[in-house]
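*Asks:* Provided below for reference: sequence and predicted model.
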Amino acid sequence: MMCGAPSTVQPATAETQDIADQVRSQLEEKENKKFPVFKAVSFKSQVVAGTNYFIKVHFGDEDFVHLRVFKSLPNENKPLTLSNYQTNEAKHDELSYF
């Protein structure tokens, strides 16, 4: 992977699900609702001064959300941050930079 360029879309892993789970409460607070299902489906990553994760999450029925999560460098010892998100996404919608 080239530094700064997002990776190709990959199937979600246990690590991806863990990242999504860690920012779930941030999203629920911003959207003022609880999500009964929160399953990471796929992701891209981008190495910057840390790592951006773009994660497609299924949250019930045919509903999906795209998350952008920032993971700081290990020596900074900061929690994961939900940088941005896109609601009203569908299963077939491309996971791209936002």
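*Replies:* Received it, and whenever you're ready, just let me know what you need.
*Asks:* residues in contact with the nearest residue to residue 91 once chain neighbours are set aside?
*Replies:* What sits nearest to residue 91 in space, not counting adjacent residues and going by CB to CB, 6 or more residues apart in numbering, is residue 64, at 6.1 Å. (C-beta placed from N, C-alpha, C; glycine too.) Neighbouring residues of residue 64 by CB atoms under 8 Å, 6 or more residues apart in numbering: 41, 56-58, 89-91, 93.
*Asks:* Can you tell me the SS state at residue 43?
*Replies:* Counting by DSSP: H, G, I helix; E, B strand; the rest coil, the backbone at residue 43 sits in strand.
*Asks:* make that residue 22, sorry
*Replies:* Strictly by three-state DSSP, residue 22 counts as helix.
*Asks:* Tell me how many other residues surround the residue lying closest to it once chain neighbours are set aside.
*Replies:* Nearest residue to residue 22 in three dimensions, chain neighbours excluded: residue 80, at 4.9 Å (CB to CB, 6+ apart). By other CB atoms under 10 Å, the residues close to residue 80 number 19.
*Asks:* how many other residues sit next to residue 91?
*Replies:* Residues near residue 91, counting by other CB under 10 Å: 11.
*Asks:* Please export the C-alpha coordinates of stretch 87-97 as CSV.
*Replies:* In CSV, the C-alpha atoms belonging to stretch 87-97 read as follows (Å, rounded to 0.1, in the frame of the first residue of the first chain):
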residue,chain,number,x,y,z
THR,A,87,-26.0,7.3,6.4
ASN,A,88,-28.6,6.1,3.9
GLU,A,89,-26.1,3.8,2.2
ALA,A,90,-27.1,0.5,0.5
LYS,A,91,-25.3,-2.8,0.3
HIS,A,92,-24.1,-2.1,-3.3
ASP,A,93,-22.9,1.5,-2.6
GLU,A,94,-19.2,1.9,-3.1
LEU,A,95,-17.0,2.5,0.0
SER,A,96,-15.0,5.6,-1.0
TYR,A,97,-13.1,8.4,0.6
